[in-house]
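A.B. asks: have a look; sequence and predicted model below, questions after that.
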Amino acid sequence: MRTIIRRATAVAVAGVALTALAAGTADARAASGPWAGCPYGAVCVYPQNQDPAASPTDVFWSYGARNLSNQYGWHWVLNNQSGGAHARLCTGSGGAGCTYDMAAQNGVWADLTPINSITLDRP
């Protein structure tokens with residue numbers, strides 16, 4: 001009887017370990033993939049009042065300032081960059097007057113009416 005209990009315990013422990021390993025691998029893959037249609041490594045702006053975010057209207061890939069045009073009202077902005085890169089929402093053009101700092105793998109529901117540019121900043 002003790003042998004059966006030991007074997008059952010060993011099988012249960014092995015099953016829990018495999019489940020935890022599989023879950024960790026799935027989490028790692030999810031963190032390096034698209035998020036709400038925003039490709040990994042990019043910062044995305046979604047259409048006005050699109051909630052939940054589904055398909056972006058603007059996708060920014062390279063570091064630096066990006067001026068926005070015709071973006072009014074409430075939008076999702078997702079920072080799907082990696083390695084600690086930040087995105088900032090700025091009231092001036094060319095990345096001047098930044099008011100909101102967004103860490104990698106974060107998003108914000110923001111009124112873009114006063115926002116004129118977004119910066120993508122290296123870690």
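C.D. replies: Structure's in. What do you need? Numbering: from 1, shown residues only.

A.B. asks: what separation is there between the closest residue to residue 109 other than its chain neighbours and residue 49?
C.D. replies: For residue 109, ignoring the flanking residues on the chain, the nearest one in space by C-beta to C-beta, 6 or more residues apart in numbering is residue 76 at 5.8 Å. Glycine gets a C-beta too; all of them are placed from N, C-alpha and C. Separation of residue 76 from residue 49 (C-beta to C-beta, to the nearest Å) stands at 10 Å.

A.B. asks: report how many residues lie close to the residue nearest to residue 109.
C.D. replies: Neighbour count for residue 76, taken as other C-beta atoms under 10 Å: 22.

A.B. asks: how about the helix or strand containing it: buried residues?
C.D. replies: Counting by DSSP states H and E, the element that carries residue 76 is strand 74-79. With burial defined by 16 or more other C-beta atoms under 10 Å, the residues of strand 74-79 counted as buried are 75-79.

A.B. asks: then stretch 75-92?
C.D. replies: Residues of stretch 75-92 classed as buried by neighbour count (16+ other C-beta under 10 Å): 75-81, 85-90.

A.B. asks: relative to residue 54, which of those is nearest.
C.D. replies: Nearest to residue 54 among those: residue 76, at 9.2 Å, using C-beta to C-beta.
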